[in-house]
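Chemist: Predicted coordinates and the sequence they were generated for:
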Amino acid sequence: MSETRQEKLSLSALCHVGPGTPGGAMFRRYWLAVGRAEDLKDIPQAVKVLGEELVLFRDGSGRLGLVGLHCSHRGTSLEYGDIEARGIRCPYHGWLYDVAGNCLDQPLEPKGSTFCQKVKHPSYRVQELGGLIFAYMGTKESETPPLPRYAALVRDDGMRLVLPPRHWDYNWFNFFENTIDSLHAFFLHKPSRADRSWENAFWDYPGDHHIEAFRTEYGLKTVVHWPGPTSGTVYVRLTSLALPTVFSLGGRGVEEEGFERLLFVTPVDDDNFMVFSSDFVPRDKVDLIKKRDQSRYAPPTAEPVKEYDKRKQVPYRGQVWREDYVCQSTQGKIGYRDEQLATSDRGVILLRKLLLEAIETVQQGGVPQGIVSKEKESEMITLDAFRLILPQGQLDQVMRQD
Amino acid sequence: MSETRQEKLSLSALCHVGPGTPGGAMFRRYWLAVGRAEDLKDIPQAVKVLGEELVLFRDGSGRLGLVGLHCSHRGTSLEYGDIEARGIRCPYHGWLYDVAGNCLDQPLEPKGSTFCQKVKHPSYRVQELGGLIFAYMGTKESETPPLPRYAALVRDDGMRLVLPPRHWDYNWFNFFENTIDSLHAFFLHKPSRADRSWENAFWDYPGDHHIEAFRTEYGLKTVVHWPGPTSGTVYVRLTSLALPTVFSLGGRGVEEEGFERLLFVTPVDDDNFMVFSSDFVPRDKVDLIKKRDQSRYAPPTAEPVKEYDKRKQVPYRGQVWREDYVCQSTQGKIGYRDEQLATSDRGVILLRKLLLEAIETVQQGGVPQGIVSKEKESEMITLDAFRLILPQGQLDQVMRQD
Amino acid sequence: MSETRQEKLSLSALCHVGPGTPGGAMFRRYWLAVGRAEDLKDIPQAVKVLGEELVLFRDGSGRLGLVGLHCSHRGTSLEYGDIEARGIRCPYHGWLYDVAGNCLDQPLEPKGSTFCQKVKHPSYRVQELGGLIFAYMGTKESETPPLPRYAALVRDDGMRLVLPPRHWDYNWFNFFENTIDSLHAFFLHKPSRADRSWENAFWDYPGDHHIEAFRTEYGLKTVVHWPGPTSGTVYVRLTSLALPTVFSLGGRGVEEEGFERLLFVTPVDDDNFMVFSSDFVPRDKVDLIKKRDQSRYAPPTAEPVKEYDKRKQVPYRGQVWREDYVCQSTQGKIGYRDEQLATSDRGVILLRKLLLEAIETVQQGGVPQGIVSKEKESEMITLDAFRLILPQGQLDQVMRQD
């Protein structure tokens, strides 16, 4: 970290996302996932993003809108408004807004009134890509970056599965740093890996692993490796992440090669967040995505709960998301909790450093890491991720900055 | 608004009602409805008014009392006390209070103790009128004004219906300004007016209406008019309001002439309020009041809810109170929300002005609008309200300050 | 009270127990009950004490531990950790702690890492006595006092019944001062004393009672007496209390002589507390303890609730704990409520005085009342308590400082 930043920013800057906070200013430079395309029909959706109350809708002509939740007139929630061909209409006095926030009609004003032309309702840019809806909540037109074209969202040589978003009730950063904290998977998720022969191999060589984190163009990657099953081979687990909130997880072993899961984390406020996801598999592995989806909803292989066990979250073992929830939701907020970081936290440490740098860069008027430049606007972005047995000789290639 | 007030008071003064606030001081100069007479039997009722925790009771001799909720001894809630002939007795150590707050008995004190004479428990003046219980929460004896004798409470030439009070969980002002916001009735309540042929006529002349608000002796009135069904006639909707929280709504058309609904709004605290109501009809229209009461509890004529519509308050259309709840409860507090007022808000604008003036008047030691003078103590107060087709020539009479 | 303390401490100091508060500092000089031995098996118990989040456990070798709830690594709750022979292991990355807070293992660190030796997790001293688990939350080793050996916990000439702890949602002090407020028992608990002929006698002499409170070695005692059933006799009710939170209640009449109920109150935070209890009877009265236990769970002899009685806590009469809950939970916090203390509050007044003195003594670096000295470490402490008819001549003996 630079001398300057250490003086100005503490870790707690990572968990505050509202308007006027340094972290909030950073987030407002990126596109964020705010909805799943197939969920948005003819009903307005109230959605809170970065502490702002908004309403997401698709007007009768198919245009996407993300505008202030409270009517500019006297504040009534547009969540209860009506979708019309040209926009959304407040139920109270009937003011009609288009997706750009223009007020098109005020039916209770007298004939000839031009008052509606003076009303500009808050609105943000919205785009749909790969089944997800992304918003840009920056306010300077000139700074709007291209929407990143992550591979799992734009590839057309396979199948895509966009699951319903999940809503969680703790700070977004606990979830996001957990994604790049590769080693927790081997310990915490042990009980859930009944069928995960690939990851079981980790425990055949206790303490004989190595973890390293590397900066990449758009974020960072973490590599874990340990001795392979045969001489001259290594097990390698590589995951990647793009700032500010995109995570890429690959498949397990050769049989799942090509599988990619992208997670898009979006802070609701300082105490809640949403996770959107997109799974992609190449055409010849369509079965895989179905199998994955099934296992997600499988009943947990949980041990029976003892009659005197009164804890809220039991049983929690046997299902990855429950195991994660118990660990992350009880941590408290980053910057407010006591911590002692270790070697296993190398990914976490680099992520914190890069995000604090991004916040600082935005404070100084610069362009933070993870923003796609105009020149690369149409390029597809691949966030490397796999879990494979590699020849020892290939390790060097993986273990370096891109 | 006067120069002075603009410097001192913002709109937010309207939503704060607790002790020590400017709005709270204003409210403590008026009588407020705090209960329905028929609900108050031999059980104490905890009631919070203007942020103060109180207990309302009727002693065994029929006297009404409104005293501090917490026993003067060690604070236990008198809500769980016992009603006796002479007052209310705390369950903890048995201290007995009369309706004036005098402590009459302390059974655990030794014989001959006179300590109870030194105890004065907080108490407020209470009066019953027309089936409602009113309290005066001012503290200066000399300032106590007469209890206003609104017509719907004192007329004896017809039938009165006092409905159970309603309790709502948002700021009182959103509700109260909605009463005088006449035009919302035509837009928001469209779906609920299946049988409201009178109000449907509004939409035959879109934009051809006129709204005006006028100061009256005790508050204000709002008049909406638009072209009548025959040449030389006008539809006129007139509603009135008395400071600080009384609203009068008339019947629809000649068939409902003489019907009057009075609403009494009472702030519980800054986030909750109660509404008491009294309907009155002349003797020859007794059927009307029954019909009205039935329609109030009729099931809403609601559209079916789509399976993917996850909003909390659906369906809300087809029942006036649900439509109002959705619009008012989502507005946020006055003075804290962004607003852009229009022509349709003339009633609302005048109401805010008069209430801020009343607050300022109280701050300066004066007598605010809406207080009944001693000279007029026994006069009946009529708050004009009707919805009628009038000859054009009568409009001038209606469209002026009283 | 001393001049000095009056300047520095208000009554509100009694209800604040968190780290850094004067009351919190006082509590951290005493042993406090934190669990019941038989409830602590192989599941960690999250427990909040004096505002601190902790986890209580018994390791696989039977050792008791009370350590910080949040893992020293990245904060995950150890409530969801696993008990092992040597300690408790965090579910997230597997760090293992022993009962003294030493970190014994970090399975995701590389071979040869000595990092765990640098980690010291917060931990407190814990001891088991008479079926209860006590913790000492002071931080200076040298100040640790002996665990008091109250008779009901250590006597072996009878039977002990340790009931499940109760958890309440108001400030601890309202409960604790109620224990020594002897007279409330005669008024509030009247409806519950169907079978309490002993206490009914109080009302045969209304106002003819006397109450006095006396300082004792470890706290205070309260004596109530009134004319006895025959000439030359007195009814005497004596209860005792040890600082900071131990209360002793005796049996009723000769038939219950020797019965003792000890209550141990432990503040959870400023708004919640737990009550642990231990009942003891001599060998020849074993039936008594069973009868008492049965009556505790007997259905209340409650009056029917009127259909129009909408209060939350009805019926509450007929069961001692419900009657107490209604009175204590509605009082508000000491120091924040208005009060007028009377003769009946003599026990309460002395308790407040002694606790404020204890707080002040700790502030000044002294040893507060109620602490057992090293010299008396192995002495059994008897907290006198009985309800008996005594010869008038014995009253003097009771009515004096020990």
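Modeler: Now that the structure is in, tell me what you want to look at. Residues are numbered from 1 along each chain as shown, chains lettered A, B, ... in the order given.
Chemist: how about the residues of the stretch 101-250 of chain A near chain C?
Modeler: Proximity of the stretch 101-250 of chain A to chain C is confined to A:183-184, A:186-188, A:206-210 under the rule CB under 8 Å from any CB of the partner chain. Backbone N, C-alpha and C define where each C-beta goes, glycine included.
Chemist: how about a cut-off of 7 Å?
Modeler: In this structure, the stretch 101-250 of chain A approaches chain C at residues A:183-184, A:187-188, A:206-208, judged by CB under 7 Å from any CB of the partner chain.
Chemist: what's the most distant pair in those residues?
Modeler: Farthest-apart pair in those is A:188 and A:208; separation 19.7 Å (CB to CB).
Chemist: higher neighbour count, those two?
Modeler: residue A:188 (23 against 12; other CB atoms under 10 Å in any protein chain shown).
Chemist: so the more buried one touches residue C:92, yeah?
Modeler: Yes - counting by CB atoms under 7 Å, residue C:92 is a contact partner of residue A:188 at 5.5 Å.
Chemist: Flag the least confident of the residues of the stretch 101-250 of chain A next to chain C.
Modeler: Among these, residue A:206 has the lowest pLDDT, at 90.
Chemist: Three-state assignment for that residue, please.
Modeler: Secondary structure for residue A:206, judged by DSSP: H, G, I helix; E, B strand; the rest coil, is coil.
Chemist: all strands in the stretch 151-300 of chain A, in order from the N-terminus.
Modeler: Ranges of strands in the stretch 151-300 of chain A, per DSSP state E, counting those that start in this stretch, are A:158-168, A:210-215, A:219-227, A:233-242, A:246-250, A:260-269, A:272-282.
Chemist: and those strands as JSON lines, adding distance to residue C:41, mean neighbour count and mean pLDDT?
Modeler: Converted to JSON lines, the strands of the stretch 151-300 of chain A look like this (distance: least, CB to CB, whole Å; neighbours: other CB atoms under 10 Å in any protein chain shown; pLDDT from 0 to 100):
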{"stretch": "strand A:158-168", "distance to residue C:41": "31", "mean neighbour count": "16", "mean pLDDT": "95"}
{"stretch": "strand A:210-215", "distance to residue C:41": "37", "mean neighbour count": "17", "mean pLDDT": "97"}
{"stretch": "strand A:219-227", "distance to residue C:41": "37", "mean neighbour count": "22", "mean pLDDT": "97"}
{"stretch": "strand A:233-242", "distance to residue C:41": "38", "mean neighbour count": "23", "mean pLDDT": "97"}
{"stretch": "strand A:246-250", "distance to residue C:41": "38", "mean neighbour count": "24", "mean pLDDT": "96"}
{"stretch": "strand A:260-269", "distance to residue C:41": "39", "mean neighbour count": "22", "mean pLDDT": "97"}
{"stretch": "strand A:272-282", "distance to residue C:41": "35", "mean neighbour count": "22", "mean pLDDT": "96"}
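Chemist: Rounded mean pLDDT for stretch A:309-321, please.
Modeler: On average, the pLDDT along stretch A:309-321 is 90.
Chemist: follow-up on the earlier one: common neighbours of residue A:188 and residue C:92, please.
Modeler: Common neighbours of residue A:188 and residue C:92, using CB atoms under 7 Å, 6 or more residues apart in numbering or on different chains, are residue A:327.
Chemist: Run the chain-centre distance for stretch A:31-39.
Modeler: The chain centroid and the centroid of stretch A:31-39 are separated by 11 Å under CA atoms, centre = their mean, to the nearest Å.
Chemist: Which positions within that stretch qualify as buried?
Modeler: For stretch A:31-39, the neighbour count (16 or more other CB atoms under 10 Å in any protein chain shown) marks A:31-36 as buried.
Chemist: and if you look at stretch A:356-370?
Modeler: Within stretch A:356-370, the residues scored as buried using 16+ other CB under 10 Å are A:356-363, A:368-370.
Chemist: so residue A:308 makes contact with residue C:41?
Modeler: Yes - assessed by CB under 7 Å, residue A:308 is found in contact with residue C:41 at 6.1 Å.
Chemist: Overlap in contacts, the two.
Modeler: If you check residue A:308 and residue C:41 against CB under 7 Å, 6+ apart, no residue is contacted by both.
Chemist: anything in the longest helix along chain A near chain C?
Modeler: Using DSSP state H, we find that the single longest helix of chain A is helix A:346-363. No - contact of helix A:346-363 with chain C (CB under 7 Å from any CB) is absent, the minimum separation being 7.9 Å.
Chemist: now for the very next helix or strand once past that helix, which elements pack on it?
Modeler: Later in the chain than helix A:346-363, the nearest helix or strand by DSSP states H and E is strand A:380-381. Counting contacts by 3 or more CB pairs under 7 Å, 6 or more residues apart in numbering or on different chains; DSSP states H and E, strand A:380-381 packs against strand A:149-150, helix A:151-154.
Chemist: Tabulate the ones you listed (JSON lines), appending mean pLDDT, distance to residue A:284 and mean neighbour count.
Modeler: Shown next, in JSON lines, are the helices and strands packed on strand A:380-381 (pLDDT from 0 to 100; distance: least, CB to CB, whole Å; neighbours: other CB atoms under 10 Å in any protein chain shown):
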{"stretch": "strand A:149-150", "mean pLDDT": "98", "distance to residue A:284": "21", "mean neighbour count": "20"}
{"stretch": "helix A:151-154", "mean pLDDT": "96", "distance to residue A:284": "17", "mean neighbour count": "20"}
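Chemist: Could you point out the bridge partners of the closest residue to residue A:385 other than its chain neighbours in the sheet?
Modeler: Nearest residue to residue A:385, sequence neighbours excluded (CB to CB, 6 or more residues apart in numbering or on different chains): residue A:250, at 3.4 Å. Using DSSP bridges, the bridge partners assigned to residue A:250 are residue A:260.
Chemist: which regions of the stretch 51-200 of chain A sit below the pLDDT cut-off?
Modeler: Applying pLDDT under 70 to the stretch 51-200 of chain A flags residues A:191-196.
Chemist: Name the residues of it found near chain B, please.
Modeler: Applying CB under 7 Å from any CB, we find that the stretch 51-200 of chain A lies next to chain B at A:70, A:72-77, A:79-80, A:91-94, A:106-111, A:113, A:115, A:119.
Chemist: From the residues you listed, list just the buried residues.
Modeler: A:70, A:72-77, A:79-80, A:91-94, A:106-109, A:119.
Chemist: buried set for stretch A:324-336?
Modeler: A:324-335.
Chemist: Now, the residues you listed that are in strands?
Modeler: Among the buried residues of stretch A:324-336, no member falls in strands (DSSP state E).
Chemist: which one of those is nearest residue C:383?
Modeler: Nearest to residue C:383 among the buried residues of stretch A:324-336 is residue A:330, at 39.7 Å by CB to CB.
Chemist: my guess is the closest one contacts residue C:77, does it?
Modeler: Yes - Residue A:330 lies in contact with residue C:77 (CB under 7 Å); the separation is 3.5 Å.
Chemist: any idea which of the buried residues of stretch A:356-370 is closest to chain B?
Modeler: Top of the list for closeness to chain B, among the buried residues of stretch A:356-370 and by CB to the nearest CB, is residue A:362 at 26.0 Å.
Chemist: Look up the residues forming beta bridges with the nearest residue to residue A:246 once chain neighbours are set aside.
Modeler: Excluding its sequence neighbours, the residue lying closest to residue A:246 (CB to CB, 6+ apart) is residue A:264, at 5.7 Å. Beta bridges link residue A:264 to residue A:246, residue A:276 when assigned by DSSP bridges.
Chemist: show me the contacts for residue A:264.
Modeler: A:33, A:132, A:245-246, A:276.
Chemist: got it, and residue A:124?
Modeler: A:66, A:135-137.
Chemist: Cool, thanks, signing off.
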